[in-house]
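A.B. asks: Any chance you could fold what I've pasted below:
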Amino acid sequence: MDPSTKTTILDPSHIETLIENGNAIVIYNKIVFKLDSWLRHHPGGDKTILHFVGRDATDQINAFHSEETRKSMLRYQIGIIDRKWDNIIPPIQRASDGKNVLQIVHDRQEYDSESRASSRASSIFEPSGLRSRNAGTESPISSISSFSEDSLKLACDTKEGKEDALYDMNKSTEMDDDAIVASFRQLIIKLEAQGLYDCNYWAYLTEVIRILSIGTIMLLLLHFQQYVLSAITLGTFWHPHDAGHLGITHSYSIDTFIGLLVSSTLGGLSLSWWKKSHNIHHLTTNFPSHDPDIQHLPFLAITPSFFSSLYSTYYARIMPYTPFAESMMRRQQWLYYPLLCFGRFNLYALSWEHLFLDQGPRNRNMWWHRPFEILGQGVFWYWFGYLLLMRSLPSWGIRVAYVVISHAVTMPLHVQFTLSHFAMSTSPSPSSSSSSFSPSSIRNEQEERGSEREALNESWPHHQLRTTMDVACPPWLDWFHGGLQFQAIHHLFPRLPRHNLRAASEVVKEWAKEVGLRYEVYGWVECNGRVLSRLEEVGRQAGMLREAQRRVVEEGEWRRGVWE
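C.D. replies: Just a heads-up that it's a prediction; the model follows:
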């Protein structure tokens, strides 16, 4: 490209035309990037870019990239803008075609086929009776079928429905988001000046000594045939993810090598898969259609939005709300901890899928990542599967027990992963939450488009503090949490070294007060209580929906309508 064209002022309508023609256009600090050729090579995955097509990603790019990397991005510059950019809905977040709605209807018909009046149910809820929307203006963020809306209205007409309310954790601020952004960027400069982006390698030396000590104790217990204690110790050996965010040396090559080596050989997991998933989680935190870290159907749901069989932009498929899922929802507050005991097995499966289906980026500088991780998997299963389980344990009963115990002990780690988000807002925008679910909370199309636009223009710090909370604990217990107790701080500054998160949290507390944002911090017990309460309330909503469906089918509520 002619260098002179890189400073050409581009009209917003021209940029939107480029996007509608399929180009990956991202705005950074009033610079227009065209990233089509970089999509498949991006180390963080193509979807991290696709979710910001047509959006100003200045703060997100700053959060995840070094100054050197940001300078290298200038090769993709095609022009500039001379005004504040008004974000548009990225194509990946727009509604899919009619298959989504038709699949929802199909799922509902399967659901109702179990009842005595299944034939009547299939005639009531035909696709023609569903309210259609313009695919160009609807986002899966708030997509819900008319069937679900009508059923939930009926549910809210019941005494239980009127009394039921999801606790609204969302707190908005009167301060203009532009002012918040300007203040936040000054906050980053302040943290850098205080040296909080500099890694304390002595602290990491302590971590290495601790991990090696735990590993040694595990082997000693195994040698002396203390199998239960050995399994428990091994469970504590498997721990977090500093290298994945370049929070150790801030060097992509060095931190990535450390992460690949440790995660694959010692943990049996794929760092490449983790990056692909976790980066999307950071950028679309608590958006039901986009954040893979809250997409756990058919086992768990933290918002009634999942009742409408949402389309996952991460997995590129519909997440069907089946009879089995509905049954799980009504019991999920009791199943939460038992399910998390098996969380590590799910991580194995996701890692294998990523590696063996070759789902990573096509970056020539990363060609060695996949074979290196596959080799690391071989090393892990050799020492854990063969040397430890098969050679060191005397019977199959003890082997099975050892695997179950060691993996169940990692449950607190999985609780930490979910604790900071499950009880927080899943609304697309700060003002779209309602403290109670009622017919009036089902908005018309114009309101939904306004909410989506507000969500797109919500500032990075506002969104992260609205969807993430921290866990209060004394400094001497930081080793147990491994930095995961400061998830809100980690989300604001993902490249900040783990051992500096506590100091940064004190600075953020004062800053949040100044700008009028709510920084949520609760004790471990209260955090767990809030999550369980959220799960219980969503489960109750599932029961209400099921009851509404029964009334429609068996008692003819559909004949009168909700207006009576």
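A.B. asks: Every contact and neighbour count from this point should use C-alpha atoms.
C.D. replies: Fine.
A.B. asks: Who are the contact partners of Ile9?
C.D. replies: The contact partners of Ile9, by C-alpha atoms under 8 Å, 6 or more residues apart in numbering, come to 79-82.
A.B. asks: Just the pLDDT for Lys6.
C.D. replies: Confidence at Lys6, expressed as pLDDT, is 82.
A.B. asks: so how far is His51 from it?
C.D. replies: 24 Å (C-alpha to C-alpha, to the nearest Å).
A.B. asks: okay, these two: which has more neighbours?
C.D. replies: His51 (22 against 19; other C-alpha atoms under 10 Å).
A.B. asks: Find the nearest non-adjacent residue to the more buried one, please.
C.D. replies: Spatial nearest neighbour of His51, chain neighbours left out: Pro90 (5.9 Å); criterion: C-alpha to C-alpha, 6 or more residues apart in numbering.
A.B. asks: Just list the residues touching the one you found, thanks.
C.D. replies: Residues in contact with Pro90 (C-alpha under 8 Å, 6+ apart) are 50-55.
A.B. asks: Next one: Gln278 from Cys199, what distance?
C.D. replies: I think there's a mix-up here, since residue 278 is His and not Gln. Counting by C-alpha to C-alpha - His278 and Cys199 are separated by 22 Å.
A.B. asks: An error on my part: the question was meant for Phe257.
C.D. replies: 17 Å.
A.B. asks: same deal with His414?
C.D. replies: 26 Å.
A.B. asks: Let me know the average pLDDT across stretch 183-198.
C.D. replies: Averaging pLDDT along stretch 183-198 yields 95.
A.B. asks: So what pairs up with the closest residue to Phe486 other than its chain neighbours in the strands?
C.D. replies: Residue nearest to Phe486 in three dimensions, not counting chain neighbours: Asp470, with 5.1 Å by C-alpha to C-alpha, 6+ apart. Under DSSP bridges, the beta-bridge partners of Asp470 are Val521.
A.B. asks: Just confirm Asp470 contacts Val521, I think it does.
C.D. replies: Yes. Contact criterion C-alpha atoms under 8 Å: Asp470 and Val521 qualify, at 4.7 Å.
A.B. asks: on that earlier part again, now the contacts of Ile9: which count as buried?
C.D. replies: For the contacts of Ile9, a neighbour count by 16 or more other C-alpha atoms under 10 Å gives the buried set as 79-81.
A.B. asks: Between those, which sits nearest Trp352?
C.D. replies: Nearest to Trp352 among the buried ones among the contacts of Ile9: Gly79, at 41.3 Å, using C-alpha to C-alpha.
A.B. asks: partner residues bridging the closest one?
C.D. replies: Val32.
A.B. asks: That one against Asp11, yeah?
C.D. replies: No. Using C-alpha under 8 Å, Gly79 is not in contact with Asp11; the gap is 9.8 Å.
A.B. asks: so how far is Leu283 from the residue nearest to His51?
C.D. replies: From Pro90 to Leu283 the distance is 13 Å (C-alpha to C-alpha).
A.B. asks: for the helix or strand hosting Ser277, what is the average pLDDT?
C.D. replies: Using DSSP states H and E, Ser277 maps to helix 271-283. For helix 271-283, the mean pLDDT works out to 93.
A.B. asks: who does that helix touch, helix- and strand-wise?
C.D. replies: helix 46-50, helix 252-265, helix 343-356 (3 or more C-alpha pairs under 8 Å, 6 or more residues apart in numbering; DSSP states H and E).
A.B. asks: Ok, which of the ones you listed comes nearest Arg364?
C.D. replies: helix 252-265 (13.4 Å).
A.B. asks: Give me the distance from stretch 78-85 to the chain's centre.
C.D. replies: Stretch 78-85 sits 30 Å away from the centroid of its parent chain (C-alpha atoms, centre = their mean, to the nearest Å).
A.B. asks: Kindly report the same for stretch 467-477.
C.D. replies: 19 Å.
A.B. asks: What residues sit buried inside that stretch?
C.D. replies: Here stretch 467-477 shows 467-473 as buried, counting by 16+ other C-alpha under 10 Å.
A.B. asks: what bits of the stretch 451-564 of the chain have low per-residue confidence?
C.D. replies: 451-454, 556-564 (pLDDT under 70).
A.B. asks: correction: the stretch 151-300 of the chain
C.D. replies: Applying pLDDT under 70 to the stretch 151-300 of the chain picks out residues 151-175, 240-247.
A.B. asks: Run through the helices of it in chain order.
C.D. replies: Ranges of helices in the stretch 151-300 of the chain, per DSSP state H, counting those that start in this stretch, are 159-163, 177-193, 201-223, 227-237, 252-265, 271-283.
A.B. asks: that older thread, possible to save the helices and strands packed on helix 271-283 as a markdown table with distance to Phe422 and mean neighbour count?
C.D. replies: A markdown table is the format used below for the helices and strands packed on helix 271-283 (distance: least, C-alpha to C-alpha, whole Å; neighbours: other C-alpha atoms under 10 Å):
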| stretch | distance to Phe422 | mean neighbour count |
| --- | --- | --- |
| helix 46-50 | 22 | 21 |
| helix 252-265 | 25 | 20 |
| helix 343-356 | 16 | 16 |
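A.B. asks: Which one of those lies nearest to Arg546?
C.D. replies: So among the helices and strands packed on helix 271-283, helix 343-356 is nearest, using C-alpha to C-alpha, at 28.4 Å.
A.B. asks: Which SSE is immediately downstream of the closest one?
C.D. replies: Assigned by DSSP H and E, the successor of helix 343-356 is helix 369-380.
A.B. asks: so for the helix or strand just after that next one, what's the average pLDDT?
C.D. replies: Note on helix 369-380: by DSSP H and E, the next helix or strand toward the C-terminus is helix 391-392. Averaging pLDDT along helix 391-392 gives 96.
A.B. asks: So which elements touch helix 391-392?
C.D. replies: Against helix 391-392 (3+ C-alpha pairs under 8 Å, 6+ apart) you get no helix or strand.
A.B. asks: Give me the angle between the next helix or strand after it and helix 227-237.
C.D. replies: Next in sequence after helix 391-392, counting helices and strands by DSSP H and E, comes helix 396-408. Interaxial angle, helix 396-408 versus helix 227-237 (axes from the mean of the first three to the mean of the last three C-alpha atoms, to 10 degrees): 30 degrees.
A.B. asks: Could you list the residues in contact with helix 396-408?
C.D. replies: Counting by C-alpha under 8 Å, 6+ apart, 227-228, 231-235, 340-342, 344-345, 389-390, 393 sit against helix 396-408.
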